[in-house]
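Visitor: this is a predicted model, with the sequence first.
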Amino acid sequence: MSDERKVQEVLARYVRATDRRDGKVQGALFTDDAVVQIYVKTGADDYEAFGEPLIGGAGVEFAVENFMAPHPEGGSSHHTTFDHIIDVDGDRAHLNAQFVVYAVQASARPADGWPAGVFGAQGTVRPIESGYYDTDLRRVDGEWKIVKHSVLMDMPIAVPEA
Amino acid sequence: MSDERKVQEVLARYVRATDRRDGKVQGALFTDDAVVQIYVKTGADDYEAFGEPLIGGAGVEFAVENFMAPHPEGGSSHHTTFDHIIDVDGDRAHLNAQFVVYAVQASARPADGWPAGVFGAQGTVRPIESGYYDTDLRRVDGEWKIVKHSVLMDMPIAVPEA
Amino acid sequence: MSDERKVQEVLARYVRATDRRDGKVQGALFTDDAVVQIYVKTGADDYEAFGEPLIGGAGVEFAVENFMAPHPEGGSSHHTTFDHIIDVDGDRAHLNAQFVVYAVQASARPADGWPAGVFGAQGTVRPIESGYYDTDLRRVDGEWKIVKHSVLMDMPIAVPEA
């Protein structure tokens, strides 16, 4: 498998772990000294840091398990990535990708079955976030790990009492 | 072309065939003994089989031509896939991908032209389904074919009188 | 890096340049004699040309800088591509991809902060266009450049007084 594909698959595992809220699996994709920072867009080419960086796989694991809202019943999500630009230079790599996040909510089947005339998939799929991932990786013992991960959000983030 | 890319392009042809409702082209991507099964999500990690499996390329072709609703006038769709994880082992391969399905409906141009002030693309693009494809392939006479295809839907599916 | 990936990354740079309205960067992806044509879908397998073709990188640059609407304040977009089918034959290549365009609008933070109970990303992500890119490329001095680019829109396009 080419290094470019290996790098892309790190991100493919990252998004699945995020969507499953699996901090352990997600944390394992990062080095111990990795720096993860969310940025929010403030102008055509401007971003500002949102909150403090997470440090290392342990920081990512803790954040996923403590700060990410669990899915509601029937809920799931898809973090999807597109149009990767990947540069590999020996044991270092850089990846840039577009992302869109979908919130999915399944409808509950009525106790007496679906009404007449209703057919097909029942629920909603809503795009709720978008932006770019900009990511540095390093090959450690033959495996690509994330050493720096910037989440460039197109939108501001509201936090309680902020 | 790498085997990983060849495998990914099988899925790329699959989604185009689905969107065109071209059962013949879609069926040709499967072996004669392929097993295709739709699952619907019933819990965080739980799925249950929806309906009976389709068997082989002939089964897929029949299903596409007889059970998929035709697009309405001005309608089309896009089955899109993301973040592929692909493992090739000799003449066997496994692929996992996220998917989102969009229903597209073009607006009809009014007989007396578009109203003043209206510009740009006229119609709607709506995400309606999502989930994962989990797929096994086998190389047969130099070509990758699908031998097992699981469609893991995030949402339940309503069927008449069910 | 494989030629297939290089070809795919040309499209990855194209979508970023479009979303940034960067005509210079986008134009540089095309040869001087490239032909760019938008088509709109008029039937299940029918398209008709929309407007005149753009010619060459200079034509693309001019169009991006003069005819594409600038993003509103807080606005951005993502042209995203999926399920690429890429054929490389020596110094020629062909690429086909699905695309979906998202319009993103960030909400402005209220002067007195986000209201109580509001959290998460604030704004909207709306799919507004979709279709296929069908693209021919040629290797020129070691770099893949677009020589023909067809944008196959699923929907009609309204223009003032048309």
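Guide: Now that the structure is in, tell me what you want to look at.

Visitor: burial measure for residue A:87, as a count.
Guide: For residue A:87, the neighbour count with other C-beta atoms under 10 Å in any protein chain shown is 13. For the C-beta atoms, the positions are set from N, CA and C on the backbone; glycine is no exception.

Visitor: pull out the buried positions in the longest strand belonging to chain A.
Guide: Secondary structure of chain A read by DSSP state E shows that its longest strand is strand A:123-140. Within strand A:123-140, the residues that count as buried by 16 or more other C-beta atoms under 10 Å in any protein chain shown are A:123-125, A:127, A:129-135, A:137-139.

Visitor: is it positioned near chain C?
Guide: Yes: counting by C-beta under 8 Å from any C-beta of the partner chain, chain C has neighbours in strand A:123-140: A:127, A:128, A:129, A:130.

Visitor: residue A:66: neighbour count?
Guide: The number of residues packed near residue A:66 is 8, by other C-beta under 10 Å.

Visitor: do residue A:47 as well
Guide: Counted with other C-beta under 10 Å, the neighbours of residue A:47 add up to 19.

Visitor: avg pLDDT for the lengthiest helix in chain A?
Guide: The residue-count maximum for a helix in chain A (DSSP state H) belongs to helix A:3-20. Confidence over helix A:3-20, taken as the mean pLDDT, stands at 98.

Visitor: ok, the worst-scoring helix or strand of chain A on mean pLDDT near chain B or not?
Guide: Sorted by mean pLDDT, DSSP states H and E, the helices and strands of chain A end with strand A:120-121, the least confident at a mean of 90. Yes: when contact is scored as C-beta under 8 Å from any C-beta, part of strand A:120-121 falls within range of chain B: A:120, A:121.

Visitor: related to what we said a few turns ago, and the longest helix of chain A, anywhere near chain B?
Guide: Yes: part of helix A:3-20 sits close enough to chain B to count as contact by C-beta under 8 Å from any C-beta, namely A:5, A:9, A:11, A:12, A:13, A:15, A:16.

Visitor: the residue of chain A positioned farthest from its centre and residue B:158, how far apart?
Guide: When distances are taken from the C-alpha mean of chain A, residue A:116 lies farthest, 38.7 Å away, according to C-alpha atoms, centre = their mean. The span separating residue A:116 from residue B:158 equals 10 Å under the rule C-beta to C-beta, to the nearest Å.

Visitor: what do you get for residue A:25?
Guide: Distance of residue A:25 to residue B:158, given as C-beta to C-beta: 33 Å.

Visitor: ditto for residue A:6
Guide: From residue A:6 across to residue B:158, the span is 41 Å (C-beta to C-beta).

Visitor: and the strands in chain A?
Guide: Here chain A has its strands, by DSSP E, at A:30-41, A:47-55, A:75-89, A:92-106, A:120-121, A:123-140, A:143-153, A:157-158.

Visitor: which residues does residue A:16 contact?
Guide: A:25, B:83, B:98 (C-beta atoms under 8 Å, 6 or more residues apart in numbering or on different chains).

Visitor: separation between the closest residue to the first one other than its chain neighbours and residue C:67?
Guide: On the basis of C-beta to C-beta, 6 or more residues apart in numbering or on different chains, the spatially nearest residue to residue A:25 that is not a chain neighbour turns out to be residue A:17, at 4.3 Å. The span separating residue A:17 from residue C:67 equals 42 Å under the rule C-beta to C-beta.
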